[in-house]
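S.K.: based on what follows, work out the 3D shape:
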Amino acid sequence: MLEPTKMVKEALIKRTHGSSPAGQAGTPSTNQAAQRASGASASKQGAASESRPQTGLRRAASDPPTPSSEKLGALMKGLQSWGTDEATLSEQAEREQAAENQALEDLDQYGDLFDSPKGGRRDGIISTNDLKAFSEGNFNRDAAREQLLDLGVAEDDLDTTLDRLTQSASYLLENEEVLNGLDVANDQRNRTDGRISRGDISREVFQRQLEQARNGDLPPGPPASNRGGYEPTVTTKNSERSPEVIAQQELAILEAVNSGEPVSFTNANGQTEDLTVRQINNTDGKAVYEITGADGHTMRIESELGASENRTALARLADYYTQIPEHLRDSVDKIEFRREPDDSAAATFYSSNDRVVFYDGLKHLNEEVFNHEFGHGIGYENDGLGEGVLDHVGQFFTGSEGKGTPEGWTDAIEADADERISDYANTNIKEDFAECWAAYMEATDNGPEALAKLEEAYPARYAIMEELYNGE
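M.R.: Prediction:
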């Protein structure tokens with residue numbers, strides 16, 4: 001990316017050598033983008049402070065014309081013109097920076113609209129042809145309006161937003177340097193190929209957001225809305241993540257992704273751990289990350305979401321993940337985020353490869369749902385069954401223990417009171433364990449009193465969870 005100050009200097013050098021300044025590209029106007037162009041604003045202020053004093057020049061210009069004063073007047077006029085051109089070029093650089101920021105923001109936030117605008121399956125890849133079609137208005141406007149409504153755009157703003165997206169597509173096509181700067185992450189050799197993936201966009205956005213976060217100019221992502229479904233047996237509440245905590249966690253995530261080095265991460269319970277968070281180059285349209293904790297286990301995250309949503313997701317996941325005891329973390333190896341909702345589930349655990357899929361973006365990513373799905377992984381890891389198919393078949397015919405629950409869970413249900421911890425726990429014994437594990441993790445957040453209430457209500461099941469948590 002060419003910084004505004006550098007653009008001004010290069011333009012002035014060209015002018016000195018007789019070249020005309022670069023033409024001004026079409027700029028989508030947005031206050032937010034202009035505010036983000038902090039480098040451009042600094043350049044503009046710098047230009048004002050460097051302009052030549054004008055008072056003395058005017059006095060000299062009013063003197064009786066002499067050969068020397070005429071030469072001086074011409075020089076003064078040139079200097080005045082030079083100062084004006086510098087200010088103009090600085091303003092132009094600021095507009096260029098705002099346009100670039102807006103185009104990138106639109107690409108990140110509304111990437112699904114640019115992806116195959118003529119119709120067909122979206123694959124997370126935005127090609128040069130996709131941008132060209134959008135810039136020319138060659139897309140289904142009614143379908144695009146419906147997509148914007150789904151993304152939360154007000155109905156009165158739909159057409160204005162579409163017009164701005166068209167301008168952003170045109171800007172990217174007209175500025176190959178910006179476009180090529182995005183187009184690297186989905187190619188293993190870092191070559192441009194005219195295909196921009198979600199990972200490409202996230203990488204660039206994360207680089208820019210890091211500086212904003214360091215300066216305190218990046219608003220933190222939204223807090224998670226937890227489910228709170230364990231009343232009346234145990235009334236507890238997850239640890240609060242204040243905006244200040246969220247901002248610190250997201251800064252740590254951005255530092256980790258951009259540096260590739262371990263960072264100190266503090267979760268909502270005040271526990272600090274060194275985490276490595278890396279973005280992985282991949283050949284499809286997803287953004288891919290890996291979180292590695294102090295225990296050395298790596299959890300892979302594959303996301304169909306935009307960069308800002310990924311930043312929020314990674315911070316939440318790191319917060320919840322670092323609260324899981326280290327010896328249990330290998331119960332889940334992968335987490336996926338899908339853009340589309342699933343009418344039957346908020347999230348699903350797949351035991352075949354120890355992965356959790358969250359549907360409908362970040363809507364269901366909170367501590368309780370995370371711990372519920374992680375609980376499924378813990379249940380399968382500790383069900384006493386072997387990893388082979390024959391082990392599971394043998395258990396089906398001979399054992400009383402349910403697959404996906406720790407050993408002794410069936411007997412513990414019978415020993416405890418008939419009341420389940422939630423309505424969903426009545427679905428089957430696997431869901432009973434997952435709901436109990438989520439309640440147990442929530443009680444650990446709230447201290448000895450909450451744990452004592454949970455133990456009193458479900459003593460047999462509590463004993464098993466206590467053993468699992470402590471690694472006994």
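S.K.: got any ranges where the stretch 351-472 of the chain has weak pLDDT?
M.R.: Across the stretch 351-472 of the chain, the ranges flagged by pLDDT under 70 are 385-402.
S.K.: which residues of it fall in helices?
M.R.: 367-381, 389-398, 409-415, 429-446, 448-457, 459-470 (DSSP state H, counting those that start in this stretch).
S.K.: hey, C-alpha coordinates of the fifth one in PDB?
M.R.: So the one you mean is helix 448-457. Extracted as PDB, the C-alpha positions of helix 448-457 are listed here (Å, rounded to 0.1, in the frame of the first residue of the first chain):
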ATOM      1  CA  PRO A 448     -17.200 -22.600  45.300                       C
ATOM      2  CA  GLU A 449     -20.800 -21.800  46.100                       C
ATOM      3  CA  ALA A 450     -22.000 -22.500  42.600                       C
ATOM      4  CA  LEU A 451     -20.000 -25.700  42.500                       C
ATOM      5  CA  ALA A 452     -21.500 -26.800  45.800                       C
ATOM      6  CA  LYS A 453     -25.100 -26.200  44.500                       C
ATOM      7  CA  LEU A 454     -24.300 -28.300  41.400                       C
ATOM      8  CA  GLU A 455     -22.800 -31.100  43.500                       C
ATOM      9  CA  GLU A 456     -25.900 -31.000  45.800                       C
ATOM     10  CA  ALA A 457     -28.300 -31.400  42.900                       C
END
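S.K.: picking that back up, now distance to residue 135 and mean neighbour count too, for the helices of the stretch 351-472 of the chain, in a markdown table please.
M.R.: Quick note: C-beta positions are derived from backbone N, CA and C, even for glycine. Formatted as a markdown table, the helices of the stretch 351-472 of the chain follow (distance: least, CB to CB, whole Å; neighbours: other CB atoms under 10 Å):
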| stretch | distance to residue 135 | mean neighbour count |
| --- | --- | --- |
| helix 367-381 | 40 | 24 |
| helix 389-398 | 54 | 11 |
| helix 409-415 | 59 | 17 |
| helix 429-446 | 48 | 23 |
| helix 448-457 | 57 | 16 |
| helix 459-470 | 56 | 18 |
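S.K.: export those helices to TSV and tack on distance to residue 254?
M.R.: Shown next, in TSV, are these (distance: least, CB to CB, whole Å):
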stretch	distance to residue 254
helix 367-381	21
helix 389-398	43
helix 409-415	41
helix 429-446	26
helix 448-457	33
helix 459-470	31
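S.K.: quick one: closest of those to residue 250.
M.R.: helix 367-381 (16.4 Å; CB to CB).
S.K.: which residue is nearest the middle of this protein?
M.R.: residue 310 (2.1 Å; CA atoms, centre = their mean).
S.K.: isn't that residue right up against residue 289?
M.R.: Yes. Residue 310 is within contact range of residue 289, at 7.3 Å (criterion: CB atoms under 8 Å).
S.K.: any residues in contact with both of those two?
M.R.: By CB atoms under 8 Å, 6 or more residues apart in numbering, residue 310 and residue 289 have these common neighbours: residue 303.
S.K.: okay, helices next: where are they in the stretch 51-200 of the chain?
M.R.: Along the stretch 51-200 of the chain, counting by DSSP H, counting those that start in this stretch, helices occupy 55-62, 67-109, 111-114, 128-135, 141-150, 158-174, 176-182, 198-214.
S.K.: mean pLDDT lowest for which of these?
M.R.: Here the helices of the stretch 51-200 of the chain differ in mean pLDDT, and the lowest is helix 55-62 at a mean of 31.
S.K.: flag every buried residue along stretch 130-141.
M.R.: 130-131, 133-135, 139 (16 or more other CB atoms under 10 Å).
S.K.: contacts for it?
M.R.: 113-119, 162, 165-166, 169-170, 172-173.
S.K.: 7 Å - rerun?
M.R.: By CB atoms under 7 Å, 6 or more residues apart in numbering, the residues outside stretch 130-141 that reach it are 114-119, 162, 165-166, 169-170, 172-173.
S.K.: tell me which of those residues is nearest to residue 226?
M.R.: Distances from residue 226 to those, taken by CB to CB, are shortest for residue 115, at 32.3 Å.
S.K.: need the longest strand for the chain.
M.R.: If you go by DSSP state E, the chain has its longest strand at strand 272-280.
S.K.: next SSE downstream of it?
M.R.: Downstream of strand 272-280, the next assigned helix or strand under DSSP states H and E is strand 287-292.
S.K.: what angle sits between the following helix or strand past that following strand and strand 287-292?
M.R.: Downstream of strand 287-292, the first helix or strand assigned by DSSP H and E is strand 298-303. Using axes from the mean of the first three to the mean of the last three CA atoms, to 10 degrees, the inter-axis angle of strand 298-303 relative to strand 287-292 is 160 degrees.
S.K.: contacting residues around strand 298-303?
M.R.: Contacts with strand 298-303, where a contact means CB under 7 Å, 6+ apart, come from 286-292, 310, 313-314, 317, 321, 332-337.
S.K.: whichever of these end up buried, select them in PyMOL.
M.R.: In PyMOL syntax, the buried subset of the contacts of strand 298-303 is picked out as below (16+ other CB under 10 Å):
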select buried, resi 286+287+288+289+291+292+310+313+314+317+321+332+334+335+336+337
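S.K.: returning to that earlier point: how about the buried residues of stretch 130-141 in JSON lines, adding distance to residue 428?
M.R.: Output for the buried residues of stretch 130-141, formatted as JSON lines (distance: CB to CB, whole Å):
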{"residue": "130", "distance to residue 428": "45"}
{"residue": "131", "distance to residue 428": "49"}
{"residue": "133", "distance to residue 428": "49"}
{"residue": "134", "distance to residue 428": "48"}
{"residue": "135", "distance to residue 428": "53"}
{"residue": "139", "distance to residue 428": "46"}
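S.K.: now, which of those sits nearest residue 156?
M.R.: Set against residue 156, the nearest of the buried residues of stretch 130-141 by CB to CB is residue 139 (20.6 Å).
S.K.: look up phi and psi at that closest one.
M.R.: phi -150, psi 160 (degrees, to the nearest 10).
S.K.: other SSEs contacting the helix or strand containing residue 248?
M.R.: According to DSSP H and E, residue 248 maps onto helix 243-259. The contact analysis (3 or more CB pairs under 7 Å, 6 or more residues apart in numbering; DSSP states H and E) places helix 243-259 against helix 198-214, strand 263-266, strand 272-280, helix 307-321.
S.K.: tell me how far that helix lies from the chain's centre.
M.R.: Centre-to-centre, helix 243-259 and its host chain are 11 Å apart (CA atoms, centre = their mean, to the nearest Å).
S.K.: in PDB, list the C-alpha atoms belonging to it.
M.R.: In PDB, the C-alpha atoms belonging to helix 243-259 read as follows (Å, rounded to 0.1, in the frame of the first residue of the first chain):
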ATOM      1  CA  PRO A 243     -15.500  -4.000  26.400                       C
ATOM      2  CA  GLU A 244     -12.100  -3.400  27.900                       C
ATOM      3  CA  VAL A 245     -11.300  -7.100  28.200                       C
ATOM      4  CA  ILE A 246     -12.600  -7.800  24.700                       C
ATOM      5  CA  ALA A 247     -10.400  -5.000  23.300                       C
ATOM      6  CA  GLN A 248      -7.300  -6.400  25.000                       C
ATOM      7  CA  GLN A 249      -8.100  -9.900  23.900                       C
ATOM      8  CA  GLU A 250      -8.600  -8.800  20.300                       C
ATOM      9  CA  LEU A 251      -5.400  -6.800  20.300                       C
ATOM     10  CA  ALA A 252      -3.600  -9.900  21.500                       C
ATOM     11  CA  ILE A 253      -5.200 -12.000  18.600                       C
ATOM     12  CA  LEU A 254      -4.100  -9.400  16.000                       C
ATOM     13  CA  GLU A 255      -0.600  -9.200  17.400                       C
ATOM     14  CA  ALA A 256      -0.400 -13.000  17.300                       C
ATOM     15  CA  VAL A 257      -1.700 -13.400  13.800                       C
ATOM     16  CA  ASN A 258       0.500 -10.700  12.300                       C
ATOM     17  CA  SER A 259       3.700 -11.700  14.100                       C
END
